[in-house]
Each structure stands twice: as structure tokens, then as C-alpha cells.
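**Q** Return atomic coordinates for the entry below.
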Amino acid sequence: MDSKLLEILACPICNSTLVHDKAAQELLCKADRLAFPVRDGIPVMLEVEARALNAEEVDKLKS
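**A** Have a look, this model is predicted:
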């Protein structure tokens, strides 16, 4: 994912900054505890496509 694109992207729900999880190909929102998929290099920023982060994933984001 292009770093410049990541700088301008924000969570579509709360406008928070997103964290790119390269291994999982997802953009993570700490505030809403959601993961948005990145498919073929294109972020899918739809709430219906996001998955809820589990407690372990949320703890990783805090550190």
C-alpha cells in the first residue's frame, strides 16, 4: 500500500487514523475496533465489509 495513500485515508465511521496491517492486508481503526480489507491493493472502506477486531488484536494495537 502506498504510504501517501495511507496518510490521507481515514476511518469512514469516525475519521480516525488507520494502521496498515501488511500481513493481514487490512486497515485497522483503533477507535472503532474495526479492520477494513485491502483487496488487490485497493482499500475497501465500507462499514459492511469491515470485521470486528477481537480482544487480542485490540491489545496489539495499544502497544
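**Q** residues in contact with the worst-scoring helix or strand of the chain on mean pLDDT?
**A** Least confident helix or strand of the chain, by mean pLDDT, DSSP states H and E, is helix 55-62 with a mean of 85. Under the criterion C-beta atoms under 8 Å, 6 or more residues apart in numbering, residues 19, 28, 30, 33, 35, 53 lie in contact with helix 55-62. No exception for glycine: its C-beta is placed from N, CA and C like everyone else's.
**Q** Any chance of TSV for the residues you listed, columns secondary structure, distance to L61 and neighbour count?
**A** Shown next, in TSV, are those (DSSP: H, G, I helix; E, B strand; the rest coil; distance: C-beta to C-beta, whole Å; neighbours: other C-beta atoms under 10 Å):
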residue	secondary structure	distance to L61	neighbour count
V19	strand	7	14
L28	strand	6	23
K30	coil	5	16
R33	coil	8	16
A35	strand	10	22
L53	coil	8	19
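**Q** could you redo those as CSV and give each row distance to K60 and pLDDT?
**A** Rendered in CSV, the data for those read as follows (distance: C-beta to C-beta, whole Å; pLDDT from 0 to 100):
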residue, distance to K60, pLDDT
V19, 10, 93
L28, 9, 95
K30, 10, 93
R33, 12, 95
A35, 12, 97
L53, 9, 95
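**Q** ok, back up a step: for the least confident helix or strand of the chain, which positions count as buried?
**A** Residues of helix 55-62 classed as buried: E57 (neighbour count, 16 or more other C-beta atoms under 10 Å).
**Q** again, but for stretch 2-18
**A** 9, 11-12, 18.
**Q** Please convert the contacts of helix 55-62 to TSV, extending it with distance to L46.
**A** Putting those into TSV (distance: C-beta to C-beta, whole Å) gives the following:
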residue	distance to L46
V19	18
L28	15
K30	19
R33	16
A35	12
L53	17
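**Q** which two from those residues end up farthest apart in space?
**A** V19 and R33 (11.8 Å; C-beta to C-beta).
**Q** joint contacts of the two?
**A** By C-beta under 8 Å, 6+ apart, no residue touches both V19 and R33.
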